[in-house]
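Visitor: heads up, no residue letters with this:
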C-alpha cells in the first residue's frame, strides 16, 4: 500500500527513471544468470570430455604396465622370441605408460592421484630387475629360474599392489570427476530456476509498468491533448479534467488552466473595448493588465484609440476650416474669372512674339545644316590625307629596313676583302719559301693584296655613304611620324568640330520643335483661360454647397466621444 501511495505522488520523470532502472537491473541479472547457465553447460561438456580422456589415459597407463608383465611371463613360459621383442617394443617404441601419464598431466590430476601414480611407478620400477633377470636366464637356457623370477612370491606381491593401486586410482578419478560434474549440474539447475523466475518477474513487471505508465502518463497526456485541441478551436469555457499538483503533468495542467483563464479574460476585455469603440466611445480605457506578448495587443488598442481621437479632432477642425475656406473660395472664384479675361489678351500678344522667334530659329537651323555638310567634306579630305601620310610613313620604314640590309651586305664584302688580304699574305710567304719558282706567284699575290686593299677602302667609303643615308632616312622617318601624329590630331579636332556642329544642328532643330510646341501650348492655354473663366463662376456656386455640407459633417462628428 505504501509503495502504491509513493508511486501515486511521484513525479513522472522520477517514476519513469525508477521503472526503467528496475527493468534494466532485471535484464542485467537475467543476462548474468543466462551467462552462468551457458558457462556451466560448457564446463560440464568440457569436464565430461576430460573425464573420458582421463579414464582412457589411466587405462592406457595401466594397460602398458600389464602388457609388460604379460609379455615377460609369456616369454619365460614359452621362450618365444616374439614376446621378448614385444616387451622391448613397448619399452622403447610404444611407451603406453609414458603416453598415458603425459595425457593425464595435461588434462589435470590432483596431488592424491599424482602420489598414487608415483607409487605405482616406483613399484613397477622394482619389477624391472626381476624381469631383466628372467629374460637373461631364458637366454642362458635356464627356464626354471626365469619362471621363479616372474612367478615368484616377490613378483606376484608387487603385481598385486599395483593392481590394487590401479583400482583405487580409477575409483578416485571417477569419483572426483563425477562429483564435480554433479556440482556443476546442480548449479546449472539452480541458475535455470532463478532465470525462469526472473523472466516471469520481468514479464509481470513489464505489465505492471505499462499499467502504471498508462494511468500516470498516457491517459493524462491524452486528456491534455484533447483539451489542447478544443483550445485550438477557440473553446475557452471547458476546464481540463485533471487536478493540479507538483508533478510535471500537474504543473502542465496548472499552466494550461492559467493560460486558458488569461485568454478568456483578454478576449472579454477586447470584446468590451471593441463594443465601446463601435458605439463611438473613443475615451474608453483598458482595466486588465496584459502580460507577455499580449502587451502588444494592449498597446495596439491604446494606439488605435489615440489615433482615432486625434483623427476625429482633426476631422472636426478640418470641417470648420472647410466651411471658412468655402467662403473664401467663392470670393476667389470671382476674382479668378476677372483675371482670366485679362490674361487672354496678354496670351495673344505672347503668341505673336513666339511666332517671330520660331521663324528666326528655323533660318538659323538651315544655315547650321549647310555648315555641317561643309565640315563633313573637310573631315573626309583630312582623313584621306592622314591615310596617305600613314602610307608614306610605312614606305620610309621599309627604306630604313632595306638600308640596314645593305649595310649587312657591305659588312660581308668587307669580311671577304679581309680574308682575301690574309690569303694574299699567306701566298706571298709561300712564294718566298718557293724561291725562284715562286716569284711569279708572289707577283700575283701582291696584285691580289692590292685589289683587297682597294676593295676594303671602297667598302669603307660605301659604308660611310650608306650610314649617312641611314641617318637621313631615319630623320625623314621621324619627321614623317611627327607629321602623321600632327595629322591625326588635325583629324581628331576636325571630327570634334564635326560632332559639335552636329550637336548644334540637333539642338537647333529641337529648339525649333520646342518653340512650335510652345506656340501650340499658348493656344491651348488661351482656350484653358477661357474655360477657367466659366469654371470660376461654377466654383463660386459649388463653394456655397460645400459650406452647407461641412456644417452637416460637423454635426455628425459631434456624436463621437473624444478626449
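Guide: Good, I have the coordinates. Small disclaimer: the values here were computed from a predicted structure and weren't measured. Numbering: from 1, shown residues only.
Visitor: how many residues are close by residue 254?
Guide: By other C-beta atoms under 10 Å, 16 other residues sit near residue 254. Every residue, glycine included, has its C-beta placed from N, CA and C.
Visitor: please identify the helix or strand for it.
Guide: Using DSSP states H and E, residue 254 maps to helix 248-278.
Visitor: any buried residues in that helix, and which?
Guide: Buried positions in helix 248-278, judged by neighbour count with 16 or more other C-beta atoms under 10 Å: 248-250, 252-254, 256, 260, 262, 266, 269-270, 273, 276-277.
Visitor: and the helices in the protein?
Guide: Counting by DSSP state H, the chain has helices at residues 2-8, 12-78, 81-89, 96-107, 111-140, 143-151, 153-213, 219-232, 248-278, 295-434, 439-557.
Visitor: redo the ones you listed as a markdown table? Include distance to residue 289.
Guide: Listed next are the helices of the chain as a markdown table, based on distance: least, C-beta to C-beta, whole Å:
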| stretch | distance to residue 289 |
| --- | --- |
| helix 2-8 | 38 |
| helix 12-78 | 33 |
| helix 81-89 | 116 |
| helix 96-107 | 91 |
| helix 111-140 | 93 |
| helix 143-151 | 124 |
| helix 153-213 | 41 |
| helix 219-232 | 22 |
| helix 248-278 | 10 |
| helix 295-434 | 8 |
| helix 439-557 | 33 |
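Visitor: where among those helices is average confidence lowest?
Guide: When these are ranked by mean pLDDT, helix 2-8 comes last with a mean of 57.
Visitor: list the contacts of residue 155.
Guide: 127, 130, 149 (C-beta atoms under 8 Å, 6 or more residues apart in numbering).
Visitor: now, which of those residues sits nearest residue 164?
Guide: The nearest member of these to residue 164, counting by C-beta to C-beta, is residue 127 at 14.8 Å.
Visitor: by neighbour count, which of the contacts of residue 155 wins?
Guide: Neighbour max across those (other C-beta under 10 Å) = residue 149, 23 neighbours.
Visitor: ok, and the closest non-adjacent residue to that one?
Guide: residue 134 (3.8 Å; C-beta to C-beta, 6 or more residues apart in numbering).
Visitor: hmm, the one you found is touching residue 74, no?
Guide: No - in this structure residue 134 lies outside contact range of residue 74 using C-beta atoms under 8 Å: 11.2 Å.
Visitor: for residue 426, give its distance to residue 155.
Guide: Residue 426 is 135 Å from residue 155, where distance means C-beta to C-beta, to the nearest Å.
Visitor: can you check residue 78 too?
Guide: 18 Å.
Visitor: again, but for residue 52
Guide: In terms of C-beta to C-beta, residue 52 sits 33 Å off from residue 155.
Visitor: cool, and residue 136?
Guide: 15 Å.
Visitor: what about the closest residue to residue 55 other than its chain neighbours, how many neighbours?
Guide: Computed as C-beta to C-beta, 6+ apart, the closest residue to residue 55 that is not its neighbour in sequence is residue 173, at 6.6 Å. When neighbours are defined as other C-beta under 10 Å, residue 173 has 20 of them.
Visitor: and residue 132, by the same measure?
Guide: Applying other C-beta under 10 Å, I find that residue 132 has 12 neighbouring residues.
Visitor: from now on call the first residue 51
Guide: Sounds good: first residue 51 from here, last item residue 182.
Visitor: against residue 168, how distant is it?
Guide: 22 Å.
Visitor: can you check residue 246 too?
Guide: When residue 246 is compared with residue 168 (using C-beta to C-beta), they lie 48 Å apart.
Visitor: now do the contacts for residue 494.
Guide: Counting by C-beta under 8 Å, 6+ apart, residue 494 touches residue 477.
Visitor: ok, residue 184 and residue 124, which is more surrounded?
Guide: Using other C-beta under 10 Å as the criterion, residue 184 and residue 124 rank with residue 184 on top: 24 against 17.
Visitor: quick check: that one vs residue 122, distance?
Guide: In this view, residue 184 and residue 122 are 6 Å apart by C-beta to C-beta.
Visitor: what residues are shared contacts of the two?
Guide: Common neighbours of residue 184 and residue 122 (C-beta under 8 Å, 6+ apart) are residue 200.
Visitor: ok, and for stretch 467-478, which residues are buried?
Guide: 467, 470-471, 474, 477-478.
Visitor: ok, of these, which one's closest to residue 577?
Guide: The closest of the buried residues of stretch 467-478, once distances to residue 577 are taken by C-beta to C-beta, is residue 467, at 104.9 Å.
Visitor: these two touch, right, that closest one and residue 506?
Guide: Yes - using C-beta under 8 Å, residue 467 is in contact with residue 506, at 4.3 Å.
Visitor: check the burial of the nearest residue to residue 288 once chain neighbours are set aside by counting its neighbours.
Guide: Spatial nearest neighbour of residue 288, chain neighbours left out: residue 280 (5.8 Å); criterion: C-beta to C-beta, 6+ apart. Look at residue 280: counted by other C-beta under 10 Å, it has 14 neighbours.
Visitor: same thing with residue 447?
Guide: Counted by other C-beta under 10 Å, the residues lying close to residue 447 total 15.
Visitor: relative to residue 219, how far out is it?
Guide: In terms of C-beta to C-beta, residue 447 sits 128 Å off from residue 219.
Visitor: near residue 458, how many other residues are there?
Guide: 8.
Visitor: again, but for residue 517
Guide: Per other C-beta under 10 Å, the neighbour tally for residue 517 reads 13.
Visitor: for residue 503, same thing?
Guide: 14.
Visitor: could you do residue 281 as well?
Guide: Residues lying near residue 281 (other C-beta under 10 Å) number 16.
Visitor: from residue 98, how far off is the closest residue to it other than its chain neighbours?
Guide: Among residues not flanking residue 281 along the chain, residue 310 sits closest, at 6.5 Å (C-beta to C-beta, 6+ apart). Look at residue 310 and residue 98: by C-beta to C-beta, they are 74 Å apart.
Visitor: which ones are touching residue 471?
Guide: Residues counted as contacts of residue 471 (C-beta under 8 Å, 6+ apart) are 499, 502-503, 506.
Visitor: just the buried members of those residues?
Guide: 499, 502, 506.
Visitor: how near is the last one to residue 514?
Guide: The spacing between residue 506 and residue 514, counted by C-beta to C-beta, is 13 Å.
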